[in-house]
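Asker: give me coordinates for this.
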Amino acid sequence: MPERRAAKRTKMVLPVKINLEGNIAAIYTVDISPFGARVAGIREEVRPGQTVTLIRGTQKAQFRVVWAQPLGKGEFQAGIEGINLKEKFWGVELEKDATVDNDMEVLMKLLKGPQKR
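Answerer: Numbers count the residues shown, from 1 in each chain. So this is what the prediction gives:
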């Protein structure tokens, strides 16, 4: 079956917060792309089509739940796609053409923090 993704996912665990109808909770990414992510550690049920807000540092972005799956009792993971997602929301540069060759390089950029210009 051909890959349906618009860009390659990069495995990266990042702490984020999720706002589900006013309830804010800490969760984490499993992998990210320029267009969305797979997130886990969600303690409330989410459903495909639902809109959620993720908070990363001082940035907020809205996402649409594409799929959701229970991981265990009271824990869910979900695939989410950004709604007008800012290019730098994740804090790392990600290739939009599925050519991220070196995940370690991406991780090192993240650990170094924002570069001053």
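
Asker: quick one, what contacts Thr53?
Answerer: With contact taken as Cβ atoms under 8 Å, 6 or more residues apart in numbering, Thr53 is in contact with 18-19, 60-63. No exception for glycine: its C-beta is placed from N, CA and C like everyone else's.

Asker: beta partners for it?
Answerer: Under DSSP bridges, the beta-bridge partners of Thr53 are Asn19, Gln62.

Asker: ok so, going back, buried only: go through the contacts of Thr53 for me.
Answerer: In terms of neighbour count (16 or more other Cβ atoms under 10 Å), the buried residues within those are 18, 61, 63.

Asker: give me the spatial nearest neighbour of the last one, chain neighbours excluded.
Answerer: When you say that, I think you mean Phe63. The shortest distance from Phe63 to any non-neighbouring residue, by Cβ to Cβ, 6 or more residues apart in numbering, is to Ile80 (3.9 Å).

Asker: partner strands of the one helix or strand Gly79 maps to and their direction?
Answerer: According to DSSP states H and E, Gly79 maps onto strand 75-83. When pairing is defined by DSSP bridges, strand 75-83 lines up against strand 36-42 (antiparallel), strand 59-72 (antiparallel).

Asker: from these, which stretch is densest packed?
Answerer: Among the strands paired with strand 75-83, the stretch with the highest mean neighbour count (mean count of other Cβ atoms under 10 Å) is strand 36-42, at a mean of 21.

Asker: CA-only coordinates of it in CSV, if you can.
Answerer: Output in CSV follows, covering the C-alpha atoms of strand 36-42 (Å, rounded to 0.1, in the frame of the first residue of the first chain):
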residue,chain,number,x,y,z
GLY,A,36,1.2,17.0,12.3
ALA,A,37,2.2,14.4,14.8
ARG,A,38,1.5,11.3,16.7
VAL,A,39,0.9,12.1,20.3
ALA,A,40,0.4,9.9,23.3
GLY,A,41,-0.2,10.1,27.1
ILE,A,42,-3.7,11.6,26.5
